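Asker: what's the 3D shape of this:
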Amino acid sequence: MQTLGIGAYHEVMRSSADLNTRADELLMALGERVRSSASAICLWDPLAGRHITLANHHYPNAVMAHFNSWFVDNDPLFKQMERVSSGALRWRDFPDYRRSHSVTNVFTPAGFDEGLSVRLVTAAGVYAGTLHVNSDDRRYPRDSDVDEINRLRFGVASLLDVTTRPTLVADFLAPGQPAWLVDADGRCRALRDDHLPLDLIDPTLLAVIKNVVGVDRRFRWCDDTGTWYLVRLIPATPRHNVALPTGLVMVTPEPLPFGLTTRELEVTTFVARGLTTQRIAETLTISAKTVGHHIEHILGKTGVDNRVALAALASQHGLIAGHLLGDG
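Answerer: Model (predicted):
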């Protein structure tokens, strides 16, 4: 059997390939060093609240479905790893595990006689997914195989963690401010502080965000207390092949710039979209003359000469009224 150095893992993890490809290549590299009949890597999606199979080498579909549902929710071996923050555990490492539901009703009927699972947790303590290895020969995995996988687990966890990159971006662009990951279904997860209440995001704002998560944009939002915020939305690169569009959302308290009023922000929003004075008047149910006065005041406050320059300024400073996104 060909023997690969530990560097083969690092080469895969540094690759620019998509996450599914890298997970598949990691299993191939692992298979050169650890004897097994089947192996798989599963990612924990904190937004969807479920595990997703990234790569599966030779497990039947029923076994993978079990791994990603009952096993992670109820299996005593998995729960033991969760309680004591242990590394990889084999069946024989856990008392009476051969009489468990997983072994008697799932693994043995699938042809496996020994196995190993490990929770993939980053050095910072973030749970990112699971790695499974099973064999039809109860001599495997060996002690040396367990050591191999334990050396690998932190690196794989860092590769899988969907929050690392967005958190770094949020820390750079909006240090100390609330930030969330939001997907196209409106599910969200707070970054930096897992205990940050989700209701700190205005549900109405969340409904706006979920419809534009695939777009890089900045806009303004006013809460029920009259406080204005700058909302920055940055599309997140899809990490795997079934990922929903996801965006990094940063919310920073900030008064409207240039001394703009709410109505002037609304007019600026429609100017930025290229609407005519008449169309803006119809949309806001005001007269065209009033719109013209608003535009004159806005140009004076912002110091720009015309509507084209105002539209560019609106894009630059996020002078878009969030409650009007999708209108007009």
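Asker: what's next to the strand or helix carrying F219, contact-wise?
Answerer: Assessed by DSSP states H and E, F219 sits inside strand 217-222. For strand 217-222, contacts defined as Cβ atoms under 8 Å, 6 or more residues apart in numbering pick out 202, 205, 228-233, 251, 256, 262, 265, 317-323, 325. Quick note: C-beta positions are derived from backbone N, CA and C, even for glycine.
Asker: which members of those occur in helices, if any?
Answerer: Within the contacts of strand 217-222, residues falling in helices by DSSP state H are 205, 262, 265, 317.
Asker: farthest-apart pair in those residues, please.
Answerer: Using Cβ to Cβ, the pair of these lying farthest apart is L205 and H317, separated by 19.0 Å.
Asker: report the central residue of the chain.
Answerer: Centroid-nearest residue in the chain, with Cα atoms, centre = their mean: V162, separated by 4.7 Å.
Asker: doesn't it lie inside a strand?
Answerer: No. Assessed with DSSP: H, G, I helix; E, B strand; the rest coil, V162 is coil; it does not lie in a strand.
Asker: mind listing what's buried in stretch 115-124?
Answerer: Neighbour-count burial for stretch 115-124 flags 115-122 (criterion: 16 or more other Cβ atoms under 10 Å).
Asker: same question, stretch 15-26
Answerer: Neighbour-count burial for stretch 15-26 [16+ other Cβ under 10 Å]: 18-26.
Asker: lowest-confidence entry in the residues you listed?
Answerer: Here the lowest pLDDT out of the buried residues of stretch 15-26 sits on D18, with 86.
Asker: so it makes contact with N241?
Answerer: Yes. If you go by Cβ atoms under 8 Å, D18 and N241 touch, sitting 6.9 Å apart.
Asker: buried subset of the contacts of strand 217-222?
Answerer: Applying 16+ other Cβ under 10 Å to these flags 202, 205, 228-233, 251, 256, 265, 317-323, 325 as buried.
Asker: coming back round to it: and the ones in helices among the contacts of strand 217-222 as TSV, adding pLDDT and distance to R279?
Answerer: Below are these laid out as TSV (pLDDT from 0 to 100; distance: Cβ to Cβ, whole Å):
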residue	pLDDT	distance to R279
L205	91	26
T262	98	19
L265	99	17
H317	96	23
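Asker: pLDDT score for the closest residue to L265 other than its chain neighbours?
Answerer: Leaving aside its sequence neighbours, L265 sits nearest to A321 (Cβ to Cβ, 6 or more residues apart in numbering; 5.0 Å). Here, the pLDDT recorded for A321 equals 98.
Asker: isn't A321 up against E266?
Answerer: Yes. A321 is in contact with E266 according to Cβ under 8 Å; the separation is 5.1 Å.
Asker: got the domain ranges for this structure?
Answerer: Domain assignment for the chain, taken from automatic domain parsing, gives 7-160, 165-324.
Asker: looking at the ones you listed, which one has the lowest mean pLDDT?
Answerer: Least confident of the domains of the chain, judged by mean pLDDT, is domain 165-324 with a mean of 90.
Asker: got the end-to-end distance for that domain?
Answerer: 30 Å (Cα to Cα, to the nearest Å).
Asker: swap in stretch 213-222?
Answerer: Stretch 213-222: ends 19 Å apart by Cα to Cα.
Asker: how about that stretch: buried residues?
Answerer: Those would be 213, 217-222, for stretch 213-222 by 16+ other Cβ under 10 Å.
Asker: any chance of those residues in JSON lines, plus distance to L131?
Answerer: Shown next, in JSON lines, are those (distance: Cβ to Cβ, whole Å):
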{"residue": "V213", "distance to L131": "30"}
{"residue": "R217", "distance to L131": "38"}
{"residue": "R218", "distance to L131": "39"}
{"residue": "F219", "distance to L131": "41"}
{"residue": "R220", "distance to L131": "45"}
{"residue": "W221", "distance to L131": "41"}
{"residue": "C222", "distance to L131": "47"}
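Asker: so which of those residues is the closest to K301?
Answerer: R220 (14.9 Å).
Asker: from M13, how far off is the closest one?
Answerer: 40 Å (Cβ to Cβ, to the nearest Å).
Asker: same check on V63?
Answerer: V63 is 26 Å from M13, by Cβ to Cβ.
Asker: so between these two, which is more surrounded?
Answerer: Legend: neighbour count by other Cβ atoms under 10 Å for V63 and M13, higher for V63 (24 against 16).
Asker: before I go, just wanted to say thanks for your time.
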